[in-house]
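S.K.: what would the 3D arrangement of this be:
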Amino acid sequence: QLQASGGGLVQAGGSLRLSCAASGFTFDDYAIGWFRQAPGLEREGVSCTTNSDGSTRYADSVKGRFTVSSDNAKNTVYLTMNSLKPEDTAVYYCAADCAIHKGDWFFGSWGQGTEVTVSS
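M.R.: This is a model prediction of the structure:
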């Protein structure tokens, strides 16, 4: 199971760090992805970190502002979000397994998301 947390209300330009805790498996076994979904909009991939070499691909919309990190001892992955914009407002989810193919993002299983609201 996956549980995202750490969301909240923040002003534009601010920062948040989301956490994704896993139970029942270790992150090393899977690629880990983050995606978000805003009301009325399609799901948008945010990041995908491979379990082969730990490299992360970011969506162009968040590149340079969002960073993925992990704490293996806690079996937790983090999404640090800086320079937040109102358009980053969404429910954020972490997923076990992800892939990007020809610009399309694919995600495996995910749990409850965490809501992020960025005010202008």
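S.K.: which parts of stretch 54-73 are buried?
M.R.: 56, 57, 58, 59, 62, 66, 68, 70 (16 or more other CB atoms under 10 Å). C-beta here means a position set from N, CA and C on the backbone, and glycine is covered the same way.
S.K.: between those residues, which is nearest residue 30?
M.R.: The closest of those to residue 30 turns out to be residue 70 (CB to CB; 11.8 Å).
S.K.: against residue 102, how distant is that closest one?
M.R.: Per CB to CB, to the nearest Å, residue 70 is found 27 Å from residue 102.
S.K.: residue 21 now?
M.R.: 32 Å.
S.K.: and these two? which has more neighbours close in?
M.R.: Taking neighbours as other CB atoms under 10 Å, residue 21 and residue 102 compare with residue 21 leading, 17 against 4.
S.K.: quick check: that one is in a helix.
M.R.: No: under DSSP: H, G, I helix; E, B strand; the rest coil, residue 21 sits outside any helix and is assigned strand.
S.K.: contact partners for it?
M.R.: Applying CB atoms under 8 Å, 6 or more residues apart in numbering to residue 21 gives the contacts 2, 3, 5, 74, 75, 76.
S.K.: over to residue 85?
M.R.: 12, 118.
S.K.: and it, its phi and psi?
M.R.: phi -120, psi 160 (degrees, to the nearest 10).
S.K.: thank you, goodbye.
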